[in-house]
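In: Kindly return the folded structure for what I paste below:
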Amino acid sequence: MKNRIALLIMLFGLFSMVQAADPQREWRRVYDLRGQWRFFIGDNPAWAKPDFDDSEWFKIFAPSNWENEGYPGYDGYAWYRKTFEVKSAEHLYVHLGTIDDVDQVYINGKRIGYTGLFPPDYSTGYNVDRIYKIPAFCLRTDRKNFIAIRVYDAEFEGGLVRGNLGIYEKLNEPELIKSLEGLWKFATGDNPNCAKYNYDDSRWNELFVPLSWEAQDYNYNGYAWYRLHFKLSSDYKNERLVLLLGKIDDLDETYLNGKMIGKTGIIKNNPLDIRIEGDEWQKVRAYDIDEKDIYFDRDNVLAVRVYDGLVQGGIYEGPIGIITKNEYLKWREKYQDRPFDFFKIFQFLK
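Out: Here you go, the predicted model:
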């Protein structure tokens, strides 16, 4: 029995090491952001712009709390700015570690993400590891890029306090046959006709997908619709296909050419009747596409009804696109989180 308990402890330790190692295999750093940043206390939206002259700003080391870098006792707003270069704009994310307390992040003047809420509706995000997708259209591969970070600290230590800061390439992206990342039509509110193939969305605004709608200046909770027109080559007519919509906050119903092909959670017409279990926003949406529901070599319409109950909303994280069923199963098996089954081990110990 003692030998079996020792084996269980060894297996648990091995599992823990494997789990800890997985994130390291998922990312490749392409630019190191650790080191000296331009820094200034106060708050001004012009400081997000790439052409702003920050040459008179102070220099500060990050990651480190700003109290240890010459600003002891300071609570309030401050901005960080830095330049970086990349050779490719695909599959890139910025890792900023933990920021105390609230942040908004801009790449070349475009806001790409935030964590926490600024006053007057203050909510801290001090213990959240910041990882933000950088939309390809935000980046320049032929010259320097600018990153600007707006920070608010309510108490104790403040700033970019710890973490492996950098621009990282995500290595586990699936092999899509059709990427659907980019600008989609978007409208707040709820209208069941938005699901129809011939619905006129020409007057709708455009939003980048994947990216939360709050990061694109929609400070909104409730119903909204996304729509996208796309074509798919008949080369894939004999393939089993899957639609990947990444992660959506909170609930969704997804329609292809007017037919619902999948949903996560239950969206009811009365928001008071909607129940959010709590983890829907973390689930990767993968919906099978029936061959009768998709058109080849002509226009398709994808419509996504979303309900957001609190804070961040919308299609906020990829992958976004169409993949063959075989490739999807390989990707899911290799990269998707799977629970570790201790039951069989405990059976072994009996």
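In: For residue 170, give me its contacts.
Out: 26-27, 91-93 (Cβ atoms under 8 Å, 6 or more residues apart in numbering). No exception for glycine: its C-beta is placed from N, CA and C like everyone else's.
In: Would you point out the most distant pair within these?
Out: Spanning the widest gap among the contacts of residue 170 are 26 and 92, at 13.4 Å by Cβ to Cβ.
In: of these two, who's got more company?
Out: residue 92 (21 against 13; other Cβ atoms under 10 Å).
In: May I ask you to confirm that the more buried one is in contact with residue 31?
Out: No: between residue 92 and residue 31 there is no contact under Cβ atoms under 8 Å: 9.1 Å.
In: who touches both of the two?
Out: Common neighbours of residue 92 and residue 31 (Cβ under 8 Å, 6+ apart) are 86, 167.
In: With adjacent residues omitted, what lies nearest to residue 79?
Out: Using Cβ to Cβ, 6 or more residues apart in numbering and skipping the chain neighbours, the partner closest in space to residue 79 is residue 47 (4.7 Å).
In: and if you look at residue 43?
Out: Using Cβ to Cβ, 6+ apart and skipping residues adjacent in sequence, the residue nearest residue 43 is residue 77, 3.8 Å away.
In: Could I get the buried residue list for the host helix or strand of residue 37?
Out: Element membership for residue 37, per DSSP states H and E: strand 35-41. Burial within strand 35-41, assessed by neighbour count using 16 or more other Cβ atoms under 10 Å, is assigned to 37-40.
In: Pull out the CA atoms of it and give them to me as CSV.
Out: Extracted C-alpha coordinates of strand 35-41, given in CSV (Å, rounded to 0.1, in the frame of the first residue of the first chain):
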residue,chain,number,x,y,z
GLY,A,35,13.7,47.0,-19.6
GLN,A,36,13.4,50.8,-19.8
TRP,A,37,10.0,52.3,-20.6
ARG,A,38,9.0,56.0,-21.0
PHE,A,39,6.8,56.9,-18.0
PHE,A,40,4.7,59.8,-16.9
ILE,A,41,2.1,60.3,-14.1
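In: Residues contacting that strand, please?
Out: Identification of contacts with strand 35-41 by Cβ under 8 Å, 6+ apart yields 47, 54, 57-62, 66, 69, 71, 74, 76-82, 160.
In: where does that strand sit relative to the chain's centre, distance-wise?
Out: How far strand 35-41 lies from its chain's middle: 26 Å, per Cα atoms, centre = their mean, to the nearest Å.
In: What strands flank it, and is each parallel or antiparallel?
Out: strand 58-62 (antiparallel), strand 76-84 (antiparallel) (DSSP bridges).
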